[in-house]
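Engineer: Show me how the following folds:
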Amino acid sequence: MTVLGDTADAVVVGAGHNGLVAANLLADAGWDVLVLEATREPGGAVRSAEVTAPGYLSDLYSAFYPLGYASPVLRRLGLDGYGLTWRHAPDVLAHLFPDGGAVLLNRDPEVTAASVARFGAGDGERWLDAYAQWRQISAPLLDALFTPFPPVRGGLALARRLRTAGMLRLARRLVLPSSRLGVELFTGSGGPALLTGCALHTDLSPDEPGSGVYGWLLAMLGQQVGWPVPVGGAQRITDALVARLRDRGGRLRPYTPVDRILVARNRAVGVRSADGLLWRARRAVLADVPAPALFLDLVGAARLPPRLVADLAHFRWDGSTVKVDWALAGPVPWRDPAVAGAGTVHLGGDLADLSRYAAALHRGELPAEPFVLAGQLTVADPSRSPAGTESLWAYTHLPFRRSWRAAEIETHVARIEAVLERAAPGFGRLVKARHVAGPAELTAGNPSLVGGAVGGGTSAAYQQLFLRPVPGLGRADTPVDRLFLAGASAHPGGGVHGGPGANAARAALARDRALTGRAYAAVLGRAQRAVYA
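Structural biologist: Predicted coordinates for the structure are as follows:
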C-alpha cells in the first residue's frame, strides 16, 4: 500500500543552495513549495561546523564567495534581511612563489598594480588596463552568465558596448588557456600567477582551452568586489535562505532521501522517498542533484530519449578533492609577512610548476608537489576562532575516482602539510587539531559531491553552455515535462551563485503560465526532439 506524504505545488529534491534558491523564487511567485533533503542539515556544500577543536569554526566545503557576493541572483533575494553579513580579509589573495615571495591581489586596484609591477616593468599599468576593460563589461557579462541560455538580454548589452570588433576579441579571450592569457596581458610572472592560480580553482589545466576565462573572472571579481566570507560561517548563507523560504510559507523536510521521480504520461507528478512515501507535485518537480543521478537513478533510462542516455555515458566529473582544516594556536608564520593579511593563499610554485601539477592530474596521478589553496578564515572573520589563533583550511584536487584508499589520502595530506611547512616554517608546531575530509567523507556529508567532485561536472568547454550537462539546449528543462534540473550540473555550472536554481525556477514558472505555458512546452518539445531524436 502506498502512503501519501504530502502534496505541494512544487517539490524540490535537495536543499543545497541551488535548491533553496529555486524554492525561494517559486515561493515568491505564490507557490506552495516543499523541499526534501536527504541529509540531516540543509545547505549541501554551504555549511559550517566546529570539526577541529572547540571554538574553531570551519566551513565544511565552500568558503570564500566572490561569485555569491557578485551574483545578481543572490543579491535580489535580499538575504541581508535574514542575518547574512559579509566581511573581507585585508588582502583578497596571495600567490606564493618558490623563493618565498608573493604577488598580492587587494581590493584597491593601485595596491594590486604595485604588487604585480614588482614582477614585470609596466605590469602595474597593464593590470589597471585589464581591470578597466573588465569594468566596462562586468555588469552585462554577469547578467549573461547567470541567466538561462541563450543569454539574450546580457548578450545584447555586451554587443552594444563592445560592437563587432570587441565581441570578436572577447570571444577569443573566452577560449584562451590561462597560460596564454597571462603572457598576452603581462610581461612578468606576477599577473600570470594570479590568473593561473584562479583558473586552477577549476579542474582545468593552465594549458587547456577555456581555462583563461575562469582565471580572469575570479581575479577580476576579486579586484572589483573581493572574495568575502559570511560573518559566522558559510552556514549563514544557508540559514538565510531557509529563513527566507519559511517566511514565505515554504516547507523543508530533512532525512528524506528521494529514490524515484514519479512520471505519468511523460509528466513529473511527484517523487517517492526511500521510506516509500509519495510526495505529489501539482505544478513541477525541481532536482538539485547531479545530472547522472537525476536522469539515470531517479527517472530511469527507460523514460528518456536513447540519445540522452548515450550522451550521459560521456558525462565527465570534475576532479576529486581532499580538504583539511586545522585549529592553529597562533597566526600562520609565513616566510613572507605580506601574506599574513590574505584571505586566500595559493601555494604551488611558478607557472611551470602549476602546469606539471595539472599534467599529473590529467594522467591520473597524484602530484608529488600539489597546488594547495589555503584559506585563513580568522584573518577574514575574527569570529571563526579565539583571539590570537587561526582557523585554517586547505584543499587540493585529485584525479577523479569514486573511491580512494585511506592510505593514499593520508599520504597526500602529508604533502599538503609539507607545502605549508616550507611556506610557513613552524606551521606544524602550531597545530592543535586537524580534520581531514577526503572524497569519501565529502560524499558522505553531501551525496551530490560524487567522488569528492565539487563542481557538478567538469568546467571544460565541451561541457559548458548548451553542452552542459550533455549536448542540448543549455536549459533547466528536461525531456520529462515539468521536471527541471536545478543543480550545478546545469548551466551555468558550479560555484555558490544560485544560477542553476534560479534558471530552474524561471523555467518552471514559464511552463506553468496560464496563457503561454502550453506554447512554451510545445516549442521546447520540438527543440528537444530535434536534439535527442
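
Engineer: hey, what's F484 bridged with?
Structural biologist: Beta-bridge partners recorded for F484 (DSSP bridges): L286, D477.

Engineer: Do I have it right that it meets V285?
Structural biologist: Yes: counting by CB atoms under 8 Å, F484 does reach V285; the two are 7.3 Å apart. No exception for glycine: its C-beta is placed from N, CA and C like everyone else's.

Engineer: List the buried residues for stretch 115-126?
Structural biologist: Residues of stretch 115-126 classed as buried: S115, V116, A117, R118, F119, G120, D123, G124, R126 (neighbour count, 16 or more other CB atoms under 10 Å).

Engineer: Can you give the contact residues for that stretch?
Structural biologist: Stretch 115-126 is contacted from outside by 103-106, 113-114, 127, 185-191, 193-194, using CB atoms under 8 Å, 6 or more residues apart in numbering.

Engineer: so for it, what's the average pLDDT?
Structural biologist: If you average the pLDDT over stretch 115-126, you get 97.

Engineer: Same check on stretch 72-79?
Structural biologist: Averaging pLDDT along stretch 72-79 yields 96.

Engineer: Now do the contacts for the residue nearest to A94 when sequence neighbours are not counted.
Structural biologist: Leaving aside its chain neighbours, A94 sits nearest to A342 (3.7 Å; criterion: CB to CB, 6 or more residues apart in numbering). Counting by CB under 8 Å, 6+ apart, A342 makes contact with A89, P90, D91, V92, L93, A94, A102, L104, Q376, V379.

Engineer: Please indicate which of the residues you listed are buried?
Structural biologist: A89, D91, V92, L93, A94, A102, L104, Q376, V379.

Engineer: per-residue confidence for the first one?
Structural biologist: To tie it back to what came earlier, the one meant is A89. Predicted confidence (pLDDT) for A89: 98.

Engineer: ok, for it, nearest residue in space, not its chain neighbours?
Structural biologist: Excluding its sequence neighbours, the residue lying closest to A89 (CB to CB, 6+ apart) is G343, at 3.1 Å.

Engineer: Quick check: the one you found vs Q376, distance?
Structural biologist: Distance, G343 to Q376, using CB to CB, to the nearest Å: 6 Å.

Engineer: what touches both of the two?
Structural biologist: Common neighbours of G343 and Q376 (CB under 8 Å, 6+ apart) are A89.

Engineer: thinking again about what came up before, and the gap between the residue nearest to A94 and A521?
Structural biologist: According to CB to CB, A342 and A521 sit 50 Å apart.

Engineer: Output the below-cut-off pLDDT ranges for the stretch 301-450 of the chain.
Structural biologist: Applying pLDDT under 70 to the stretch 301-450 of the chain flags no residue at all.

Engineer: which residues of the stretch 351-500 of the chain fall in helices?
Structural biologist: In the stretch 351-500 of the chain, the segments counted as helices under DSSP state H, counting those that start in this stretch are 351-362, 377-380, 406-423, 439-445, 499-512.

Engineer: how about the CA coordinates for the first one, as PDB?
Structural biologist: These are the backbone C-alpha positions of helix 351-362, laid out as PDB (Å, rounded to 0.1, in the frame of the first residue of the first chain):
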ATOM      1  CA  LEU A 351      53.700  28.600 -13.900                       C
ATOM      2  CA  ALA A 352      55.900  25.700 -14.900                       C
ATOM      3  CA  ASP A 353      55.200  24.000 -11.500                       C
ATOM      4  CA  LEU A 354      51.400  24.600 -11.900                       C
ATOM      5  CA  SER A 355      51.500  23.000 -15.400                       C
ATOM      6  CA  ARG A 356      53.300  20.000 -14.100                       C
ATOM      7  CA  TYR A 357      50.800  19.600 -11.300                       C
ATOM      8  CA  ALA A 358      47.900  19.800 -13.800                       C
ATOM      9  CA  ALA A 359      49.600  17.400 -16.100                       C
ATOM     10  CA  ALA A 360      49.900  14.800 -13.400                       C
ATOM     11  CA  LEU A 361      46.200  15.100 -12.600                       C
ATOM     12  CA  HIS A 362      45.400  14.600 -16.300                       C
END
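
Engineer: Going by neighbour count, list what's buried in it.
Structural biologist: Within helix 351-362, the residues that qualify as buried are L351, L354, S355, Y357, A358, A360, L361, counting by 16+ other CB under 10 Å.

Engineer: same deal with the third one?
Structural biologist: Buried residues in helix 406-423, counted by 16+ other CB under 10 Å: I409, H412, V413, R415, I416, E417, V419, L420, A423.

Engineer: which strands and helices sit next to that helix?
Structural biologist: Helices and strands touching helix 406-423, by 3 or more CB pairs under 8 Å, 6 or more residues apart in numbering; DSSP states H and E, are strand 320-328, strand 342-347, strand 372-376, strand 390-398, strand 431-437.

Engineer: Please repeat the previous calculation with a cut-off of 7 Å.
Structural biologist: strand 320-328, strand 342-347, strand 390-398 (3 or more CB pairs under 7 Å, 6 or more residues apart in numbering; DSSP states H and E).

Engineer: Go through stretch 41-59 and flag the buried ones.
Structural biologist: By neighbour count with 16+ other CB under 10 Å, stretch 41-59 contains the buried residues 41-53, 56-59.

Engineer: likewise stretch 464-474?
Structural biologist: Q464, R468, P469, V470, P471, G472, L473, G474.

Engineer: outside of it, which residues touch it?
Structural biologist: 149, 291, 308, 311-312, 315, 457, 463, 489-491, 493, 527-528, 531 (CB atoms under 7 Å, 6 or more residues apart in numbering).

Engineer: Most neighbours of all the residues you listed, which one?
Structural biologist: A490 (32 neighbours; other CB atoms under 10 Å).
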